[in-house]
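[1] any chance you can model this:
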Amino acid sequence: MYIGHAILGRYAFPYFDPAIYDWEDIFTAILAFNFLPNFFFAVVYGLTGFREMATKRTETTSSGYSRLPQ
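    So this is what the prediction gives:
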């Protein structure tokens with residue numbers, strides 16, 4: 001990103017340009033790019049684990065898809 005600025009003289013994304021935004025905003029954008037995908041992955045992974053737990057068939061009772069009429 002900054003190598004492109006050194007070569008081309010402009011930033012790839014306008015919100016990384018310190019002439020337009022403060023360094024605090026740029027730092028927040030970089031953290032958001034690193035944190036938000038991991039956060040959403042954890043949420044989806046947790047929901048998938050909950051679904052697997054809720055639909056798992058046990059020895060004594062049936063649950064989830066196994067309760068549906070065949």
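
[2] tell me the pLDDT at Pro18?
    The model reports Pro18 with a pLDDT of 75.

[3] what does Phe13 give?
    So Phe13 comes in at 74 (pLDDT).

[4] do Pro69 as well
    67.

[5] what does Phe39 give?
    93.

[6] just give me the neighbour total for it.
    If you count neighbours by other CB atoms under 10 Å, Phe39 ends up with 10. Yep, even glycine has a C-beta here, placed from its N, CA and C like the rest.

[7] got it, and Tyr11?
    Residues near Tyr11, counting by other CB under 10 Å: 17.

[8] does it belong to a helix, a strand or coil?
    Classification of Tyr11 by DSSP: H, G, I helix; E, B strand; the rest coil places it in coil.

[9] shaky segments in the protein?
    1-2, 4, 56-70 (pLDDT under 70).

[10] so where do the helices sit in it?
    Secondary structure of the chain (DSSP state H): helices at 2-8, 23-54.

[11] can you redo the ones you listed as CSV with distance to Tyr15?
    Shown next, in CSV, are those (distance: least, CB to CB, whole Å):
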stretch, distance to Tyr15
helix 2-8, 13
helix 23-54, 5
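
[12] so for Pro14, which of the ones you listed sits nearest?
    Nearest to Pro14, of all the helices of the chain, is helix 23-54, at 10.6 Å by CB to CB.

[13] what residues of the closest one count as buried?
    Burial within helix 23-54, assessed by neighbour count using 16 or more other CB atoms under 10 Å, is assigned to Ile26.

[14] pull the distance from it to the chain's centre.
    Distance of helix 23-54 from the chain centroid (CA atoms, centre = their mean, to the nearest Å) equals 3 Å.

[15] can you pull up the most central residue in this structure?
    Centroid-nearest residue in the chain, with CA atoms, centre = their mean: Pro37, separated by 2.0 Å.

[16] roughly how far does that residue sit from Phe13?
    According to CB to CB, to the nearest Å, Pro37 stands 16 Å off from Phe13.

[17] what does Ala32 give?
    Applying CB to CB, the value for Ala32 to Phe13 is 12 Å.

[18] try Tyr45
    Tyr45 is 28 Å from Phe13, by CB to CB.
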